[in-house]
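**Q** no sequence for this one, just the structure:
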C-alpha cells in the first residue's frame, strides 16, 4: 500500500491551530528492501532529532515485558540482516528494530522534528510514532499495544469514566487473588535467588501484583 504523498499532520500547539502539509512521495518499509531499506534504517539511526525517540522505544523492546513476540522479532532481525545493516555499528539489535518500526512515518517525523525549535511538536511526534507502530505491527498480524493506541490532544488525554459500582467490583475481584499471591511469595522466598528466567518472571509478576494490591487496599481504606 502506498501512502499518499499529501500527508496532513494537524498541529496541536497552543495558539497555533494550523495544518502542516508534508508533500512527499513515500512508500512504507514493507515495500522497500535491500539497499533502499538499509538507507532508510540507517537514516533513522543517524538522525540526531530521532535519537531520544529511538532510545525510548529501544528500552521497551529490550525490556522484560517487550510488546514484540519472539517470532516477529526474529523475522525483523532477518529483514535487517538481509538489508545489510551493520547492527553492531548502530547500537545493537533493539536500536535497529526500533528504527525499523518507525519507518512508515520516518519522513513525517523528520519534517516535524525540524520545526521543534519553533513550536511544541511533542503531541504530533507521539501521534506519528503511534501510527508508525500500528502500521509496522499490522504487517505481522499484530495489534498495537494499548499504550500506543492513545493520541494526545495537546491539552491532556481523554479518560473514560467507569461507574463507581463497577470500579468497586473490579477492585474486589482483583484483591480476591491476594491470598494466592501471598502464598506464592512465601514459596518464592524459600527458593534460591539464582533461579532460571521463568522463576524470575514469576517473581516480578508476584511483586508487581502485591505492590498494586497494597496501594489499592490503602485507597479503599481512605475512602
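**A** Happy to help now that I have it. On a predicted model such as this, the values are computed, not experimentally measured, just so you know.
**Q** count the neighbours of residue 86 for me.
**A** Counted with other Cβ atoms under 10 Å, the neighbours of residue 86 add up to 10. Glycine gets a C-beta too; all of them are placed from N, C-alpha and C.
**Q** so how far is residue 99 from it?
**A** 13 Å (Cβ to Cβ, to the nearest Å).
**Q** what does residue 51 give?
**A** Taken as Cβ to Cβ, the span from residue 51 to residue 99 is 11 Å.
**Q** the two: which has the busier surroundings?
**A** residue 99 (28 against 14).
**Q** for the more buried one, helix, strand, or coil?
**A** helix (DSSP: H, G, I helix; E, B strand; the rest coil).
**Q** okay, the residue of the chain positioned farthest from its centre: pLDDT?
**A** Computed with Cα atoms, centre = their mean, the residue of the chain farthest from its C-alpha average is residue 190, at 35.8 Å. On pLDDT, residue 190 comes in at 87.
**Q** how about it, phi and psi?
**A** phi -80, psi -10 (degrees, to the nearest 10).
**Q** separation between residue 185 and residue 220?
**A** Residue 185 is 21 Å from residue 220, by Cβ to Cβ.
**Q** please read the previous query as pertaining to residue 103.
**A** 46 Å.
**Q** the two: who's more crowded?
**A** residue 103 (23 against 12).
**Q** and residue 45, how many residues sit next to it?
**A** 19.
**Q** which SSE is it in?
**A** Assigned by DSSP states H and E, residue 45 belongs to helix 34-46.
**Q** name the next helix or strand downstream of that helix, please.
**A** Next element after helix 34-46 (DSSP H and E): helix 51-61.
**Q** list of residues touching the following helix or strand past that following helix?
**A** Using DSSP H and E, the next helix or strand after helix 51-61 towards the C-terminus is helix 70-83. Here helix 70-83 makes contact (Cβ atoms under 8 Å, 6 or more residues apart in numbering) with 33-35, 37-38, 41, 61, 66, 68, 87, 93, 96-97, 100-101, 140, 142.
**Q** please, a ChimeraX command that selects the buried ones among those residues?
**A** Burial among these is assessed by 16 or more other Cβ atoms under 10 Å; the matching ChimeraX selection reads:
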select :37,38,41,61,68,87,93,96,97,100,101
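**Q** how big is the angle separating the helix holding residue 45 from helix 51-61?
**A** For helix 34-46 against helix 51-61, the angle by axes from the mean of the first three to the mean of the last three Cα atoms, to 10 degrees is 100 degrees.
**Q** packing partners for the host helix or strand of residue 94?
**A** For residue 94, the host element (DSSP H and E) is helix 93-102. Helix 93-102 sits against helix 34-46, helix 51-61, helix 70-83, helix 122-138, with contacts defined as 3 or more Cβ pairs under 8 Å, 6 or more residues apart in numbering; DSSP states H and E.
**Q** having no further points to raise, I will conclude here.
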